[in-house]
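**Q** Have a look; sequence and predicted model below, questions after that.
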Amino acid sequence: MDTQVTKKKLGLKERYKLLTRDLGWETTFHTKDEVYPYVKYEGIKINDWDKWEDPFRLTMDAYWKYQAEKERKFYAIIDAHAQNNGHLNLTDARYLTAIKMFLQAISPGEYAASKGFARMGREFGGVGTQVACQMQALDEIRHAQTQIHAISNYNKYYNGFHAFSDSRDRIWYTSVPRSFFDDAMSAGPFEFMIAIGFSFEYVLTNLLFVPFMSGAAFNGDMATVTFGFSAQSDEARHMTLGLECIKFMLEQDPGNLPIVQRWIDKWFWRGMRILSLVGAMMDYMLPKRVMSWKEAFDIYGVENGGALFNDLARYGIKPPKGWDVAAGAIEHMSHQLFLGLYQWSFGTAFHGWIPSDDDMEWLSAKYPTTFDKYYRPRWEHIKKLEAEGTPFKNYGLAKLCQTCQLPTVFTEPGDPTMMCHRETEYKGEKYHFCSDGCQEIFEHEPEKYLQAWLPMPALFSELNGDIGAWMDWVGLKNGVDNGDYVGSQDQINFDKWRGMATSNKQS
Amino acid sequence: MSNVFIALQANEETRPIIEAIVMDNPQAVVKREPAMVKIDAPGRMVIHKETIEGLVGRAFDLQEMHIHLITLSGNVDETDNSLTLTWNN
C-alpha cells in the first residue's frame, strides 16, 4: 500500500484523459455545427459531450497490444486447423450449413458495421465517443477478415462458400441482415448506435456468438470457435459502448427519452427478426447441440435483457413494445423458419433436410408444448411425401416483408395455426409485412422503406423472372450448392474423406 | 435482483481469474459450458487485480482480460485495481 509515495505511474482514468483530450480541440475556421452536420437532426439534445466516458478506458496503445495478441492466438489455431484435417473433424458435414449461412449473412454485416462505425467516429462530437467508434470500426473489419479467413479453409473442400459476397447482396435470406445494416447505416448517428451498439451487440451477438460458438466447439469446428470467441472478446467492449450511449442520451436531456424509446422498440423488433435465422441454426443445423434456441433466449434474452430494462427503468425506459409478442413466438420461430428453408431449398446456397427421428425427439423434449402439436405432424407428412418419391418442394416465390425482408412465414400472435400477414397502402402502392412490428416501422418512415431493394421483385424487374439466370447472378450452382443434403456432394465427400482419414482406404 | 455476469474462454490463463472471482464474490455461481465459463452473481461482481496477482504470482494488468473475455452483463466500471459490474435494481 505504498503506491501513493512512489506515484510514478498515472492511474487508468488520468491516462485515458491525457491520451484523448487533445482530440477535442475548439474549431475556428468552421462552426461545430458545420463540422458535425448530422449530430442534431435526429432531435437528440446533447449539452455536455465530456460526460461521455468509455468505462473500459482503453487507450490506443493498449488496444493495439491486446488486439495483436488476439490475432496471434487466432492464427496459431487457424494454422493448426488447416494442418490437421480440421475439415474432417466435424460431427457431420450437415453442420456446415450453419457456417455457410454465417458467412453469407453475418460476416458481410461485420464489414457493414465497420463502415458504419468509421462514419460515426467522424460524426459524433465527443472525444470519448470518437475513440470508441474508431476502435469498433477496426474491430468490425477484423471480424469480417478473420471470419472469411477461417472459413476459407472449408471452401477448399465443400460447396456453398465460394460466392458469399454476391449472395450477401442478392439472395433472399441474406437480404434480411443486409437490410438491417442498410437501415442502420442510412439512419443518423444516434439511431445507428441504438441499432448496432444496442440491438445488434447487446441483444443479438450474445445469442449468436456465445451459445452458438459453444455449439461449434461441441461439433468439432475449431476454426469457428476461434474466430467466434476472438470476435466476441471485442463485443464486451461494444455492448458496453451501446449501453453507455443509451445512458448518455437519457442523462443529457429529458426530451431524448421518447426518441430513444422509439428506436429501442424498432431495433428490438428488427433484431428479433434476424434472430429467427440464429434460432434455425441452433435448433436444426447443429448435429450436436449445446442448448436449444429457447434455452439460449431464456438466458440472454429474458434474463439478461430483463436485467437491462429494469436498470434503464430509472430513466423512464420501458421494455421494447414487441417484447411480449416476441416472447410468445420463441417456441415457434425456429420451426417455422426452418420449414421455410426446407421447402425453398432450391433457392438456398446451403442444403436442407428432414430432421431425423432422434432430432425430432430432441425438439419435442426442448419444445414440449409446441413441437409435437404443431411441427412434428408437418415433418411426418413431409417425410411421407419424400418416401413416396414426391418430396415437398415449393417452387413458388416467397412473399417478403417490406421491412425485415423475411418471407412472411410467421404466425399470428397467440394463434400458431394462422399465418400472419399485414398490408399498408401508401401512395397507391400496396406493401406487405410479416408482423405488426414491421408494419409500424414502415408506417413511421414510409419514404425510407419504400426504397427497400427486395430480392423477389428484383428477380422480375432485373431478370424477367428467369430462375436459372438468377442462380448464375447470385453465384449458386444448381444441384451442387442447393437442395437436399442427403445425396449431395458435400455428404458424399465428407463420408469418403473421413473414411480415408481414419483408415488406409485409397478412395 | 438481476444477475450480472461475465463469460470467459475456458483456458489456462482464465483459470486463476475465475478462481479469483469466486474468492472475491462468494455469491458467484460458476457454469462450465463447452469452451467457455460463465459466472453469474446477483446484482454486483468485483474482480480484484490483487487477488489475481496473488494466484498467478506476477503483476497482472486487468486489461489483459480483454483477450479472454467473451461477454458480460451489467454497468461496467474499471479502475487500475478492480473491474466492477453492477445492475441498479
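**A** Arrived safely. Residues are numbered from 1 along each chain as shown, chains lettered A, B, ... in the order given.
**Q** use CA for all of it now, contacts and neighbours both
**A** Fine.
**Q** hang on, residue A:370 packs against residue A:330?
**A** No - Residue A:370 lies out of contact with residue A:330 (Cα atoms under 8 Å); the separation is 10.2 Å.
**Q** of the two, who's got more company?
**A** Shown here are residue A:370 and residue A:330; by other Cα atoms under 10 Å in any protein chain shown, residue A:330 has more neighbours (19 against 16).
**Q** what sits against the more buried one?
**A** A:294, A:297 (Cα atoms under 8 Å, 6 or more residues apart in numbering or on different chains).
**Q** do that again at 10 Å, thanks
**A** Taking Cα atoms under 10 Å, 6 or more residues apart in numbering or on different chains, we find residue A:330 in contact with A:272, A:276, A:279, A:293-295, A:297-298, A:367.
**Q** mind listing the helices for chain B?
**A** Under the criterion DSSP state H, chain B contains helices at B:15-24, B:49-56.
**Q** Which one of these lies nearest to chain A?
**A** Chain A sits nearest to helix B:49-56 of all the helices of chain B, at 11.2 Å, using Cα to the nearest Cα.
**Q** can you pull the buried residues of the closest one?
**A** Using 16 or more other Cα atoms under 10 Å in any protein chain shown as the test for burial, helix B:49-56 gives B:49, B:51-53.
**Q** hang on, isn't residue A:38 packed against residue A:192?
**A** No - contact criterion Cα atoms under 10 Å: residue A:38 and residue A:192 do not qualify, at 11.8 Å.
**Q** Can you check which residues contact both of the two?
**A** residue A:120.
**Q** Of these two, which one has the most company?
**A** The neighbour comparison of residue A:38 against residue A:192 (other Cα under 10 Å) goes to residue A:192, with 24 against 17.
**Q** need the contact list for the closest residue to that one other than its chain neighbours.
**A** Closest residue in space to residue A:192, ignoring its immediate chain neighbours: residue A:184 at 5.0 Å, by Cα to Cα, 6 or more residues apart in numbering or on different chains. By Cα under 10 Å, 6+ apart, the contact list for residue A:184 reads A:112-113, A:116, A:178, A:190-196, A:267.
**Q** Starting from the biggest helix by length in chain A, tell me the next helix or strand along the chain.
**A** Taking DSSP H as the criterion, chain A has its longest helix at helix A:222-252. Next in sequence after helix A:222-252, counting helices and strands by DSSP states H and E, comes helix A:257-280.
**Q** pLDDT averaged over stretch B:73-82 - what is it?
**A** On average, the pLDDT along stretch B:73-82 is 91.
**Q** how about the strands in chain B?
**A** Taking DSSP state E as the criterion, chain B carries its strands at B:3-9, B:29-33, B:36-42, B:44-48, B:69-73, B:75-78, B:82-86.
**Q** got a list of what residue 36 touches?
**A** Picked chain A for this. A:122-125.
**Q** could you do chain B instead?
**A** Contact partners of residue B:36, counting by Cα under 10 Å, 6+ apart, are A:210-211, A:213-214, A:217, A:229, B:7-11, B:14, B:68-70.
**Q** next one: residue B:71
**A** A:202, A:205-206, A:209-210, A:229, A:232-240, B:5-9, B:38.
**Q** and with 6 Å instead?
**A** Counting by Cα atoms under 6 Å, 6 or more residues apart in numbering or on different chains, residue B:71 touches A:236, B:6-7.
**Q** Residue A:424 too?
**A** A:430-431.
**Q** any idea how far it is from residue A:364?
**A** 37 Å (Cα to Cα, to the nearest Å).
**Q** what's around residue A:427, how many residues?
**A** Around residue A:427 there are 7 residues (other Cα under 10 Å).
**Q** Now do stretch B:40-54, average pLDDT.
**A** Average pLDDT, stretch B:40-54: 97.
**Q** Please apply the same query to stretch A:387-402.
**A** Mean predicted lDDT for stretch A:387-402 stands at 91.
**Q** Also stretch A:322-334?
**A** Mean pLDDT, computed over stretch A:322-334, is 95.
**Q** Work out the gap between it and the centre of the chain.
**A** Relative to the chain's own centre, stretch A:322-334 is displaced by 17 Å; criterion: Cα atoms, centre = their mean, to the nearest Å.
**Q** Same check on stretch A:226-239?
**A** 13 Å.
**Q** can you pull out the helices in the stretch 301-450 of chain A?
**A** A:304-312, A:323-343, A:357-366, A:376-387, A:436-444, A:446-449 (DSSP state H, counting those that start in this stretch).
**Q** Dump the first one to CSV, restricted to CA.
**A** Right, helix A:304-312. Extracted C-alpha coordinates of helix A:304-312, given in CSV (Å, rounded to 0.1, in the frame of the first residue of the first chain):
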residue,chain,number,x,y,z
ASN,A,304,-30.1,-10.5,-19.4
GLY,A,305,-32.5,-8.3,-21.5
GLY,A,306,-34.8,-8.1,-18.5
ALA,A,307,-32.0,-7.0,-16.2
LEU,A,308,-31.0,-4.3,-18.7
PHE,A,309,-34.5,-2.9,-19.0
ASN,A,310,-35.0,-3.0,-15.2
ASP,A,311,-31.8,-1.0,-14.9
LEU,A,312,-32.9,1.5,-17.6
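**Q** Wondering if that helix reaches chain B at all.
**A** Yes - Helix A:304-312 is in contact with chain B by Cα under 6 Å from any Cα of the partner chain, via A:307, A:311.
**Q** And for residue A:22, the neighbour number?
**A** Applying other Cα under 10 Å, I find that residue A:22 has 10 neighbouring residues.
**Q** From chain B, how far out is it?
**A** 22 Å (Cα to the nearest Cα, to the nearest Å).
**Q** What distance do you get for that residue to residue A:10?
**A** Separation of residue A:22 from residue A:10 (Cα to Cα) stands at 17 Å.
**Q** could you list every residue that touches residue A:292?
**A** Neighbour list for residue A:292: residue A:283 [criterion: Cα under 6 Å, 6+ apart].
**Q** Next up, phi/psi of it, please.
**A** The phi and psi torsions at residue A:292 (degrees, to the nearest 10) take the values phi -80, psi 170.
**Q** Which pLDDT value goes with it?
**A** Predicted confidence (pLDDT) at residue A:292: the value is 94.
**Q** What of the one 4 residues further on?
**A** Note on residue A:296: pLDDT of 92.
**Q** Determine the three-state secondary structure at it.
**A** helix (DSSP: H, G, I helix; E, B strand; the rest coil).
**Q** Please report how far it lies from residue A:209.
**A** Taken as Cα to Cα, the span from residue A:296 to residue A:209 is 11 Å.
**Q** Looking only at neighbour counts, state which of these two leads.
**A** Set residue A:296 next to residue A:209 and count neighbours by other Cα under 10 Å: residue A:209 wins out with 25 against 20.
**Q** ok, now how distant is the more buried one from residue B:7?
**A** Residue A:209 is 12 Å from residue B:7, by Cα to Cα.
**Q** quick one: contacts for the residue lying closest to residue A:399 once chain neighbours are set aside?
**A** What sits nearest to residue A:399 in space, not counting adjacent residues and going by Cα to Cα, 6+ apart, is residue A:407, at 5.3 Å. Contacts for residue A:407 (Cα under 6 Å, 6+ apart) come out as A:398-400.
**Q** Restricting to C-alpha, output stretch A:390-401 in PDB.
**A** C-alpha atoms of stretch A:390-401 as PDB (Å, rounded to 0.1, in the frame of the first residue of the first chain):
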ATOM      1  CA  THR A 390     -42.900 -36.800 -54.300                       C
ATOM      2  CA  PRO A 391     -40.800 -34.600 -52.000                       C
ATOM      3  CA  PHE A 392     -42.500 -31.400 -50.800                       C
ATOM      4  CA  LYS A 393     -40.900 -28.600 -52.700                       C
ATOM      5  CA  ASN A 394     -42.100 -25.100 -53.100                       C
ATOM      6  CA  TYR A 395     -41.100 -23.600 -56.400                       C
ATOM      7  CA  GLY A 396     -43.300 -20.500 -55.800                       C
ATOM      8  CA  LEU A 397     -41.600 -17.400 -54.600                       C
ATOM      9  CA  ALA A 398     -42.000 -16.300 -51.100                       C
ATOM     10  CA  LYS A 399     -43.800 -13.100 -50.300                       C
ATOM     11  CA  LEU A 400     -41.400 -10.800 -48.500                       C
ATOM     12  CA  CYS A 401     -41.900  -8.400 -45.700                       C
END
